[in-house]
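[1] I need the structure of the sequence given here:
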Amino acid sequence: MKKELLFFEKDDFYDYKELKQSEGYAIVSISDYLKDIGNSELFDNFDFTTTIIDISALASGYKEIQSLAEQLLDKFHQFEAIFIADKRYEELLRYELRYCFICFNDVEFSEKLEKQSKEKSQQSLLPSKKHKKIIDLDDDELDVFFSEFRQHLYGHEKFKDEFTELVNNFKIFNRLGEHKILSLFLMGESGVGKTEVARTIYKCLGGKKKLAKVNFGNYSSEFSLSSLIGSARGYIGSDDGEIFIRVRDSDVGIILIDEFEKSNATLFNYFLDVLESGKIISSLADEIDLNGFIIVFTSNISKEDFTHKISPELRSRFDYKGLFTLLYNEDKLKFVEFRLNDIIRKYNLTFAPQLPQNLLDYFLVQIDVSKFNNMRDLNKKIKRVFVDYILKQQYQDYEIIEDGKVKYSYVKRLLNIFK
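    Reported below is the predicted structural model:
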């Protein structure tokens, strides 16, 4: 028999997981062993000093729990191994596993864990919340935001005007409790600036971590919903859904859903619920409140295909539906100037001697902006011309070699800096 089975409250799971990770443990699902139960080497190499087994899956999908558990748990030779399970299954597991464990207890919140929880609750009361949202800005801060947003997003002047009006209305009705999420659906060809809208909002709100982005080009299979929101705890791949990971790792209240049209009806219906409830909900019923968030949906479909691909119910939920067209050459020239100044600034912080700021004329001779419709391609051209200029004026490409191996080349280092 094993020593003890510990039950955790689902609301405390992530705090417990973080604490155990800080102590050198990893929490793995019993499913990882169920799928390879005949592999004796897998169990022989099990290290109870670094691994905790979550056996919740036994209670959420298997009929002969007792016989399966007896067969499986005996393969973990270490008596001291730590086993945990979701407290929602306590009554069932206490009965079914009464011959497998000596005792059943709750996960104890140590002083360290209680201190973490207390600090988190105190932080939630502070003005600086985890996600900075556009609804948190006062009038003066909002004016600064709009000014920076207009400056850093090139072209699409009509959209900028409409976005300003949308945000002002959103702030008012959000406070009245009538508008939880501001949703934008942006259509148009690749490289015309749709995803740049979300990135610019993120930067202008002072984001320091990562923009919460999910690319739906990877979500066309029948299992896409499980990948997005997670499957039942204990099953393979159940740690977390991608959208929960992205939102938790971000510091600004904006989500980018890229290539939205490549998904399926199941996910379309999920986001219909999200826009109605103002929350993302996992398969475990864990929630993240998105009140005050902006969600930017982007798609390469045409205006005509939009009405065929997206259901009327979901279309009506989008606060803004817009078609992005190709930029004018004037806007492309502004982009070249902005991008060049940004690259020079980064270069001068990293290398010597310092470069002058007046290189724009040289670049414009080398780059014919009228030949570029895709802004990503234009950005690649800017970086290539810049590297060529540096090598021509001051350097030749060289490689840094350590222990007989190429560590990196000068050109590659430049290109990595200017991503």
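[2] For residue 355, which residues are in contact?
    Applying C-beta atoms under 8 Å, 6 or more residues apart in numbering to residue 355 gives the contacts 344, 347, 348. C-beta: built from backbone N, CA, C; applies to glycine.
[3] can we see that at 10 Å?
    343, 344, 345, 347, 348, 386, 389, 390, 393, 394 (C-beta atoms under 10 Å, 6 or more residues apart in numbering).
[4] which SS state does the spatially closest residue to it that is not a sequence neighbour fall under?
    Take residue 355 and drop its neighbours on the chain: the residue closest to it by C-beta to C-beta, 6 or more residues apart in numbering is residue 344, 5.2 Å away. Assigned with DSSP: H, G, I helix; E, B strand; the rest coil, residue 344 falls in the helix class.
[5] can you check the one 10 residues further on too?
    Three-state assignment for residue 354 (three-state DSSP): coil.
[6] ok, how many other residues are close to the residue nearest to it when sequence neighbours are not counted?
    In space, and not counting its chain neighbours, residue 354 is closest to residue 348: 4.9 Å by C-beta to C-beta, 6+ apart. Neighbourhood size, residue 348 [other C-beta atoms under 10 Å]: 14.
[7] Please report phi then psi for residue 348.
    phi -70, psi -20 (degrees, to the nearest 10).
[8] Likewise for residue 4?
    Dihedral pair for residue 4: phi -160, psi 140, per degrees, to the nearest 10.
[9] Quick one: residues contacting it.
    80, 81, 82, 83, 84, 101, 102, 103, 104, 105.
[10] number of nearby residues for the first one?
    So that's residue 80. Neighbour number of residue 80 under other C-beta under 10 Å is 9.
[11] gap between it and residue 2?
    For residue 80, the distance to residue 2 equals 9 Å [C-beta to C-beta, to the nearest Å].
[12] now swap in the fourth one and tell me
    Taking C-beta to C-beta as the measure, residue 83 and residue 2 are separated by 6 Å.
[13] overlap in contacts of these two?
    Here residue 83 and residue 2 share the contacting residues 53, 73, 76, 97, 100, 101, scored by C-beta under 10 Å, 6+ apart.
[14] Hmm, the fifth one is touching residue 55, no?
    Looking back up the chat, that one is residue 100. Yes. Using C-beta atoms under 10 Å, residue 100 is in contact with residue 55, at 9.5 Å.
[15] and the most centrally placed residue in the chain, what does it touch?
    The centroid of the chain falls nearest to residue 246 when counting by C-alpha atoms, centre = their mean (2.1 Å). Residues in contact with residue 246 (C-beta under 10 Å, 6+ apart) are 210, 211, 212, 213, 214, 240, 255, 256.
[16] quick one: low-confidence parts of the stretch 301-419 of the chain?
    352, 357, 393-419 (pLDDT under 70).
[17] how about the helices in it?
    In the stretch 301-419 of the chain, the helices defined using DSSP state H, counting those that start in this stretch lie at 303-309, 312-317, 329-350, 360-366, 375-393, 410-417.
[18] so which of the ones you listed gets nearest residue 132?
    Distance to residue 132, taken as C-beta to C-beta, is lowest for helix 329-350 among these, at 22.6 Å.
[19] any idea of the angle that closest one forms with helix 375-393?
    Interaxial angle of helix 329-350 relative to helix 375-393 (axes from the mean of the first three to the mean of the last three C-alpha atoms, to 10 degrees): 50 degrees.
[20] elements contacting helix 329-350?
    helix 139-152, helix 360-366, helix 375-393, helix 410-417 (3 or more C-beta pairs under 10 Å, 6 or more residues apart in numbering; DSSP states H and E).
[21] In that helix, which of the residues would be classed as buried?
    Within helix 329-350, the residues that count as buried by 16 or more other C-beta atoms under 10 Å are 331, 332, 333, 334, 335, 336, 339, 340, 343, 344, 347.
[22] Can you check what angle separates it from helix 139-152?
    Using the same axes, to 10 degrees: helix 329-350 against helix 139-152 is 100 degrees.
[23] which residues touch residue 186?
    156, 159, 192-198, 260, 296-299, 318, 320-324.
[24] Looking at these, which are in strands?
    Mapping these onto strands (DSSP state E) picks out 296, 297, 298, 299, 320, 321, 322, 323.
[25] Just the buried ones from those residues?
    So, by 16+ other C-beta under 10 Å, the buried ones in these are 296, 297, 298, 299, 320, 321, 322.
[26] In TSV: those, plus distance to residue 59.
    Converted to TSV, those look like this (distance: C-beta to C-beta, whole Å):
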residue	distance to residue 59
296	39
297	37
298	40
299	41
320	45
321	45
322	48
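[27] pretty sure residue 294 contacts residue 167?
    Yes. Taking contacts as C-beta under 10 Å, residue 294 lies within contact range of residue 167: 8.4 Å.
[28] Tell me where the model's unsure across the stretch 51-200 of the chain.
    Answering for the stretch 51-200 of the chain: the residues below the bar, that is pLDDT under 70, span 60-63, 109-129.
[29] rewinding a little: of all the helices and strands packed on helix 329-350, which one is nearest residue 313?
    Comparison of the helices and strands packed on helix 329-350 against residue 313 by C-beta to C-beta identifies helix 139-152 as nearest, at 30.4 Å.
[30] didn't residue 101 look like it was pressed against residue 66?
    No. Assessed by C-beta under 10 Å, residue 101 is found out of contact with residue 66, at 11.8 Å.
[31] Compare the two (neighbour count), which wins?
    residue 101 (20 against 15).
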